[in-house]
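Visitor: Need coordinates for the following:
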Amino acid sequence: MKKLIFIVVIFLASFGLRAEIFGSAGTIKPGIMMFGIEPQISIRPNDIMGYFHLGTGIIDRMNVNFKLGLGSAKTYFGGELEYEFIKSETLDFSLTLGTHYQAAAFLDVKPIFTHRFQCFALSSGPYLDWQVSRGTFLAVSWFAGTSIPLNRSVELLFDAGIQIRGNKNWISGGIATYF
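Guide: Next up, the predicted model:
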């Protein structure tokens, strides 16, 4: 019953509001590269962006990801380092630390919880976005999403979330390829 309630909550949360694609607690294995494409729609303010992701595993349980965003909002450049603290058969926990620039410089912190099922995984967690240039400000969001592996090298991802303090709301989906 608890799993059903969790799934319903994640499903309802995904209708709204803010997405964090490529936000699962699983990390990329060393020597493997990931390339992804993510269309994103922001709600309040209304923006449409396209993001390109490139990542690779560095060591066991650690990867680095880079992200470039182009569209109706300011250009986005970012990078993050993710470490997977807990990896079990069904539950993962990782911490992502990063930085990005989009009209101002930001530091990002994202603890991610992922529960894996037989054919998909659900991820969720808070997203802290601290503006460190042009004034300081801490924005907080909660994201939730799913990843659906199509085969060993292709994965579909859909995420959404909720603005808690000072962030825009958005939804997105995308595809990641591993090689």
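Visitor: Which neighbouring elements make contact with the helix or strand hosting residue 53?
Guide: Taking DSSP states H and E as the criterion, residue 53 maps to strand 47-59. Under the contact definition 3 or more C-beta pairs under 8 Å, 6 or more residues apart in numbering; DSSP states H and E, strand 47-59 sits against strand 33-43, strand 62-71, strand 169-178. All C-beta spots, glycine's among them, are computed from the backbone N, C-alpha and C.
Visitor: now those strands as a markdown table including mean neighbour count and mean pLDDT?
Guide: A markdown table is the format used below for those (neighbours: other C-beta atoms under 10 Å; pLDDT from 0 to 100):
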| stretch | mean neighbour count | mean pLDDT |
| --- | --- | --- |
| strand 33-43 | 17 | 92 |
| strand 62-71 | 17 | 95 |
| strand 169-178 | 20 | 91 |
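Visitor: so which of these comes closest to residue 116?
Guide: Of all the helices and strands packed on strand 47-59, it is strand 169-178 that lies closest to residue 116, at 16.0 Å by C-beta to C-beta.
Visitor: contacts for the closest one?
Guide: 14, 16-19, 21-22, 28, 32-44, 47, 51, 53, 152-163 (C-beta atoms under 8 Å, 6 or more residues apart in numbering).
Visitor: low-confidence ranges in this protein?
Guide: For the chain, applying pLDDT under 70 flags the ranges 1-25.
Visitor: where do the strands sit along it?
Guide: 33-43, 47-59, 62-71, 76-87, 91-101, 105-116, 121-131, 137-149, 154-165, 169-178 (DSSP state E).
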